[in-house]
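Structure, please.
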Amino acid sequence: QKIEALWRWEYEASALSVAVEEGMPGEDDGLLRRVMLALGTLTGPIDVEHTGPTKQHALPRSAIASAQAKHK
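Below is the predicted model:
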């Protein structure tokens, strides 16, 4: 459940980061970094080399699945 919640936060933080980058009001408060660190703590190293094709560069679920498999 924690990992699923962090996945949702990762998507939202990525979207916010893109919005700020494009000049929308707001600021980058480091949420994306903190979410990624938490995911890494729960699942082991995350494959950040293979990002999604969207502007958010969201991580595919396989990035966590492969990290979990390697960490077991």
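
only C-alpha atoms for contact and neighbour calcs from this point on.
Will do.

any idea of the mean pLDDT for stretch 27-40?
For stretch 27-40, the mean pLDDT works out to 84.

outside of it, which residues touch it?
With C-alpha atoms under 8 Å, 6 or more residues apart in numbering as the test, stretch 27-40 has contacts from 3, 6, 9-10, 13-14, 16-17, 20, 46.

Take these and lay them out in TSV including distance to L31, neighbour count and pLDDT.
Below are the contacts of stretch 27-40 laid out as TSV (distance: C-alpha to C-alpha, whole Å; neighbours: other C-alpha atoms under 10 Å; pLDDT from 0 to 100):
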residue	distance to L31	neighbour count	pLDDT
I3	15	15	87
L6	11	17	89
W9	8	16	89
E10	8	22	84
A13	6	22	86
S14	9	19	83
L16	9	21	85
S17	9	20	82
V20	13	13	82
I46	17	20	74
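
In stretch 16-30, which residues are buried?
16-19 (16 or more other C-alpha atoms under 10 Å).

next helix or strand past the longest helix seen in the chain?
Looking across the chain with DSSP state H, the single longest helix is helix 2-21. With elements assigned by DSSP states H and E, the helix or strand that comes after helix 2-21 is helix 31-43.
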